[in-house]
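1. just a sequence and a predicted model for now, questions to come.
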Amino acid sequence: MSKKFLIPAVLALAVSTVGSAAVTSVSADKKTSASGGQRSDFALFDGTNADDPDAGAQCGARGAAFTYYIAVSNFSNDTAILRVTYADGDLVRFNIPALSSFSLTQAAGGTADVDDVISVTSETPGALAGSVSALFPPSAKVPRGQNSYCVTLQP
């Protein structure tokens, strides 16, 4: 089998597998999934654009635990620090080596006003860009003051 055929075949298989996943995207208007199953949402952030930097991203839910995923790249020549801050102000810092990427998966949302909202930001201006996504059970409600589960934070 030639590489010319193999690469498109593998990509087609990957797309069909991802496309048939049971997770559905959330609607900001309805705040429920079409299938009644798990819901997903995401927010992107880009702190590398000096003219219009994003401060970070935030995900959360009321009334339910959820799983969140962070994928981030450090575009600077120095180590950058990624900060995850919980609703109660507790935080965790991650050192991201220069010109590298990092990802993690964590659970949150078990305790109201403690870990029901997480904010992902950079302590290193101009260095990090990435995404935060999350899976929510059908019982989850959008955090107060937001119109979706995940949002991009502005400076």
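-> On my side now, so go ahead. Residues are numbered from 1 along each chain as shown.
2. next, count neighbours for residue 112.
-> 11 (other Cβ atoms under 10 Å). Every C-beta, even on glycine, is put in place using the N, C-alpha and C of the backbone.
3. change the start of the numbering to 229 and stick with it
-> Sure, I'll start numbering at 229, so the last one becomes residue 340.
4. check contacts around it.
-> 290, 291 (Cβ atoms under 8 Å, 6 or more residues apart in numbering).
5. mind telling me what element it is part of?
-> Using DSSP states H and E, residue 340 falls within no helix or strand.
6. surely residue 321 meets residue 310?
-> Yes. With contact defined as Cβ atoms under 8 Å, residue 321 reaches residue 310; the gap is 7.1 Å.
7. more neighbours, those two?
-> Applying other Cβ under 10 Å to residue 321 and residue 310 shows that residue 310 carries more neighbours, namely 23 against 10.
8. quick check: closest non-adjacent residue to the more buried one.
-> Sequence neighbours aside, residue 322 is the residue nearest to residue 310 in space, at 4.5 Å (criterion: Cβ to Cβ, 6 or more residues apart in numbering).
9. any idea how far residue 349 is from the one you found?
-> To residue 349, residue 322 is 11 Å away according to Cβ to Cβ, to the nearest Å.
10. if we can go back for a sec, what touches both of residue 321 and residue 310?
-> residue 351.
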